[in-house]
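Participant: Model the following, please.
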Amino acid sequence: MTIPALPQGTLVCEQFLRQALIDVLPTPIGLPVALERQGRRSIAFRAHQVDGVEVVIKLTRGRNSYPAEQWVHHEYARAQVPVPQIVYYSASLPGIGCPCLVMTMIDGVPLFDAVATNIGLYGEVGELLGKMHTVALPAARFGLGGFLPSATEWHHSWSAFVTALHAHPASGEYLRRHGLWPNCTGDLALLSAKISEHHFRCILNHGDFGPDHILVRAGQIAGVIDPGECFAGPPEYDLAHIALYISECQLQQVLNRYPGQLNLEMIHVYAAVIALHKAARAHRVSNTTRANSFAVMARHHCLLIN
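Facilitator: Down below sits the predicted model:
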């Protein structure tokens, strides 16, 4: 059986991948090696070690975020945040030739799939995010976009990083040109001004803190996964990200249990910027339903800015 191609056309046979890992893992994995998910530049597989432990095997042909992800997992664990245990990392897996990260699998379902009426879960999310935001950043931080010495995407101002991360305000201008937000010029100027004026305590952001990356088991949060988009920035960003996927009532429960100081207005600012970017990206690949949905979200959050 041939596993789907890695980006850039590299085919990986499951037996070949298993053999490559047998040579480097402390505990070998058995068959089958099953495809878990595939993105534009990365692919993930699921397998069991011979001792019964289930693991996730991640490979990438894009930006190698695995060193940062490895560091974040270690720091989250120290902060008592439930995360997978890193089993193995290589910048170039022998026989495969691309970065590889192997970690244990957390048993649970995404918050998306958990019981939506369990409002207590969202309070737990607030407490959990508070723990995540206690992680101390390394002293030698290189700009607001990177916090490891190996970081390559450095920025000298927060607004410059937001521009690079979310193509702001270009995403909004794109939506205006294509009729998804005809009268957005004033809103885009307001968002830019708010971001430039935002003074904040710099913390470690998960960077993609959504319900699909929060796992639930037996009515409780079982773990947080996939911090590969992590960066140094304001705590409001992580809250803005999850705000796009949960109701206002659920968000209020998160905020009620979050232990740190927050600028509530900036949550709406960053939610609007994130939504604009997602809307523009969706429209470029002709996903008009998703594009319209995020454009509506962006307008909604702009209305909540003073």
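Participant: Give the bridge partners for Val216, please.
Facilitator: Val109, Ile221 (DSSP bridges).
Participant: Please put the alpha-carbon coordinates of the helix ranked longest in the chain into PDB.
Facilitator: Identified as the longest helix of the chain according to DSSP state H is helix 264-284. This file holds the C-alpha atoms of helix 264-284, laid out as PDB (Å, rounded to 0.1, in the frame of the first residue of the first chain):
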ATOM      1  CA  LEU A 264     -11.500  42.900  25.700                       C
ATOM      2  CA  GLU A 265     -11.600  45.300  22.800                       C
ATOM      3  CA  MET A 266      -8.400  43.900  21.300                       C
ATOM      4  CA  ILE A 267      -9.900  40.400  21.300                       C
ATOM      5  CA  HIS A 268     -12.400  41.700  18.800                       C
ATOM      6  CA  VAL A 269      -9.700  43.600  16.800                       C
ATOM      7  CA  TYR A 270      -7.600  40.400  16.400                       C
ATOM      8  CA  ALA A 271     -10.700  38.300  15.800                       C
ATOM      9  CA  ALA A 272     -11.600  40.600  12.900                       C
ATOM     10  CA  VAL A 273      -8.100  40.500  11.400                       C
ATOM     11  CA  ILE A 274      -7.900  36.700  11.700                       C
ATOM     12  CA  ALA A 275     -11.400  36.400  10.100                       C
ATOM     13  CA  LEU A 276     -10.400  38.700   7.200                       C
ATOM     14  CA  HIS A 277      -7.400  36.600   6.400                       C
ATOM     15  CA  LYS A 278      -9.400  33.300   6.500                       C
ATOM     16  CA  ALA A 279     -12.100  34.800   4.300                       C
ATOM     17  CA  ALA A 280      -9.600  36.000   1.700                       C
ATOM     18  CA  ARG A 281      -7.800  32.600   1.700                       C
ATOM     19  CA  ALA A 282     -11.100  30.800   1.300                       C
ATOM     20  CA  HIS A 283     -12.200  33.000  -1.600                       C
ATOM     21  CA  ARG A 284      -8.900  32.500  -3.400                       C
END
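Participant: What lies in contact with the helix or strand just after it?
Facilitator: Downstream of helix 264-284, the next assigned helix or strand under DSSP states H and E is helix 288-303. Residues outside helix 288-303 that contact it (Cβ atoms under 8 Å, 6 or more residues apart in numbering): 172, 175, 180-181, 187, 190-191, 243-244, 268-269, 271-273, 275-276, 278-280, 282-283. In short, each C-beta sits where N, CA and C put it, glycine included.
Participant: same thing with stretch 19-26?
Facilitator: So stretch 19-26 is contacted by 28-29, 49, 57, 87-88, 90, 93-96, 100, 102 (Cβ under 8 Å, 6+ apart).
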